[in-house]
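[1] predicted model, plus sequence, below.
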Amino acid sequence: SSLCYFRYTLTVVTLCQPTAKPTAKNTWSSRATNPMKLFRRNPENPNCAWSVRFSVRNKIYPFSTQTTDKALALIRAKDYRNKIVGKQFGLADQMKVRGGAPTLASLVAIYDTLPAPVEHTKKRNVSALKAVLAASGLDLTARVDRLGAHIITAYQSAMLKAHPGSNSAMVSANSNVRMARSVLSKAALLSYRATLTIPKEPIEGFFAARFLKCSRPTKQLPSEEAVKTAVEKLKEKPDFYRAFLLAAVAGCRAGEIRHARRSWLTGTTLRIGAFPDEFRTKSGQERSVNLPQEAVDILLAGDDPVYLVGSRRHQIVSVELNAFLKANGFAGIDKPIQSMRRRLGSLIYSNQSAAIAKETLGHGSIAVLEQFYASSMNKQAPVAMPG
């Protein structure tokens, strides 16, 4: 009987032994409770710290625990993952409370309906915003929460890479950034919030990036000898000469020269912006400039029945005239046509008054006039026909 009892006992032990082994289910549950997979970048080095890599919202987060103790490394890895998960879902919850971020296109649509600034300035600011976004591969279809300082930095880097060492490139980059930010100014945001929910953090980041450090380029005026040399050559090209006179005697901008019509002349008075259906000035207001009779006779001597410069006015004003002037007396001056407008403003400011110069050039205020012409307001000869 004792032998039988021993066999029975042995049999019981044998039957109970397999149940002590972990099942596949137990193994899976242990992995689920410990999803962190620690590894060493250099397993052969005993001083190599443990690292971990995990994914949250389809984004990989690598992390070094900065310790060789595996237990401590596991604790640090779990804490780091909990922070990432909490931050990501916290942002999502905040966006849900705000109703989601609108697209930049929806902001621009409201911006176009605002009473100020003027239409020309709105188009310029929106174009600058598109250029800044393009550097990061974005456009107006992107949502507002995509904004941030990184977009400004990417645009500035692109400008510096395209024009290495150019001070004018840095000035242009700062100007475009300033105009792009105008679409998201405080006054504009107050108008948007009436119908849209705007997230605060991306807008603050978009304004946080600093401007590039650069010196304002000096605006050089052509000398009297350079003007005389250029006029002698221009008389051989009547279309070029008429465009030149509109800048030198009437103070017209490049766009005003391209659109200048015979109908704008009433006697010796050139009425710029008098016909809004044909052309609107930068300020949206009409301005009148009195011209010498000699200049009027030259302007009306063209063959084109409508435009003063002629049928090729776009090519002449945009490219050909500037290149011609640089080759004939205006060497070293960046924008010869604009320099003649500045020269006229300097002459009127120095010999007559700032108010007359403001009205002639169409500036918004005397402060703007002084800002652009303060470096060139020396006493010069009275205004006369160039050459």
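    Arrived safely. Numbering: from 1, shown residues only.
[2] excluding sequence neighbours, find me the nearest residue to Ala158.
    Sequence neighbours aside, Ala135 is the residue nearest to Ala158 in space, at 4.5 Å (criterion: CB to CB, 6 or more residues apart in numbering). Backbone N, C-alpha and C define where each C-beta goes, glycine included.
[3] tell me the spacing between that neighbour and Lys78.
    Using CB to CB, to the nearest Å, Ala135 is found at 39 Å from Lys78.
[4] same check, this time on Gln220
    The value you get for Gln220 to Lys78, if CB to CB is used, is 66 Å.
[5] on that earlier part again, and Ala135 and Lys78? Which one has more around it.
    Taking other CB atoms under 10 Å, Ala135 and Lys78 do not tie; Ala135 has more neighbours (17 against 14).
[6] which pLDDT value belongs to that one?
    The per-residue pLDDT reported for Ala135 equals 92.
[7] let me see the contact set for Thr68.
    Thr68 makes contact with Pro46, Asn47, Cys48, Ala49, Trp50, according to CB atoms under 8 Å, 6 or more residues apart in numbering.
[8] so how far is stretch 204-222 from its chain's centroid?
    12 Å (CA atoms, centre = their mean, to the nearest Å).
[9] now swap in stretch 44-53 and tell me
    Taking CA atoms, centre = their mean, one finds the center of stretch 44-53 at 44 Å from the center of the full chain.
[10] could I get the buried residue list for that stretch?
    Ala49, Trp50, Ser51, Val52 (16 or more other CB atoms under 10 Å).
[11] contacts for it next, please.
    By CB under 8 Å, 6+ apart, stretch 44-53 touches 36-42, 60-68, 70, 73-74, 77, 80-81.
[12] what do you get for stretch 321-328?
    Thr229, Ala230, Lys233, Leu234, Lys237, Phe240, Ala243, Phe244, Ile333, Lys335, Pro336, Ile337.
[13] between the residues you listed, which is nearest Val306?
    Lowest distance from Val306 to these (CB to CB) belongs to Ala243, with 15.1 Å.
[14] name the nearest residue to the closest one, ignoring sequence neighbours.
    Val309 is the one closest to Ala243 (CB to CB, 6+ apart), at 4.8 Å.
[15] measure how far stretch 340-349 is from the centre of its chain, please.
    Distance, centroid of stretch 340-349 to centroid of chain: 31 Å (CA atoms, centre = their mean).
[16] can you check stretch 40-47 too?
    Distance, stretch centre to chain centre, for stretch 40-47: 47 Å (CA atoms, centre = their mean).
[17] pull up the distance across it, start to finish.
    One end of stretch 40-47 sits 10 Å from the other (CA to CA, to the nearest Å).
[18] now do it, average pLDDT.
    87.
[19] rewinding a little: buried subset of the contacts of stretch 321-328, written for PyMOL?
    With 16+ other CB under 10 Å as the criterion, this PyMOL line picks the buried residues out of the contacts of stretch 321-328:
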select buried, resi 229+230+234+240+243+244+333+336+337
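[20] can you map out the helices along the stretch 251-387 of the chain?
    254-259, 293-299, 313-315, 321-327, 336-351, 354-361, 366-373 (DSSP state H, counting those that start in this stretch).
[21] residues touching the most centrally placed residue in the chain, list them.
    Nearest residue to the geometric centre of the chain (CA atoms, centre = their mean): Val132, 3.3 Å. Val132 is in contact with Ile151, Ile152, Tyr155, Asn176, Val177, Ala180, counting by CB under 8 Å, 6+ apart.
[22] likewise for Asp239?
    Asp239 sits next to Gly302, Val309, Gly310, Arg312, Arg313, Ile316 when contact means CB under 8 Å, 6+ apart.
[23] what's the closest of the residues you listed to His120?
    Compare each of these with His120 using CB to CB and the shortest gap goes to Arg313, at 19.5 Å.
[24] before we move on, what SS does Ala101 have?
    Here Ala101 is coil, with the state taken from DSSP: H, G, I helix; E, B strand; the rest coil.
[25] pLDDT wise, what is it at?
    For Ala101, the predicted pLDDT is 80.
[26] and if you look at Arg210?
    Model confidence at Arg210 (pLDDT) stands at 90.
[27] what about it, how many neighbours?
    So Arg210, with other CB under 10 Å, has 11 neighbours.
[28] re the thing from before, quick one: buried ones out of the contacts of Asp239?
    Buried by 16+ other CB under 10 Å: Gly302, Val309, Gly310, Arg313, Ile316, out of the contacts of Asp239.
[29] surely the second one meets Gly302?
    Which is Val309. Yes - taking CB atoms under 8 Å as the definition, Val309 is a contact partner of Gly302 at 7.3 Å.
[30] quickly list what's touching both of those two.
    Here Val309 and Gly302 have Asp239, Arg242 as joint contacts, going by CB under 8 Å, 6+ apart.
[31] just the element for Phe244, please.
    helix 238-248 (DSSP states H and E).
[32] measure how that helix sits relative to helix 336-351, angle-wise.
    40 degrees (axes from the mean of the first three to the mean of the last three CA atoms, to 10 degrees).
[33] my read is that Gly284 contacts Val118, right?
    Yes - Gly284 is in contact with Val118 according to CB under 8 Å; the separation is 5.0 Å.
[34] who has more neighbours, these two?
    Val118 (16 against 13).
[35] could you dump whichever strand or helix holds Ser191 to PDB, C-alpha only?
    Per DSSP H and E, Ser191 falls inside helix 186-192. Presented in PDB, the C-alpha positions along helix 186-192 are these (Å, rounded to 0.1, in the frame of the first residue of the first chain):
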ATOM      1  CA  LYS A 186      -3.900  92.900 -33.600                       C
ATOM      2  CA  ALA A 187      -6.400  95.000 -35.500                       C
ATOM      3  CA  ALA A 188      -7.000  92.200 -38.100                       C
ATOM      4  CA  LEU A 189      -7.300  89.500 -35.400                       C
ATOM      5  CA  LEU A 190     -10.000  91.400 -33.700                       C
ATOM      6  CA  SER A 191     -12.000  91.300 -36.900                       C
ATOM      7  CA  TYR A 192     -11.300  87.600 -37.400                       C
END
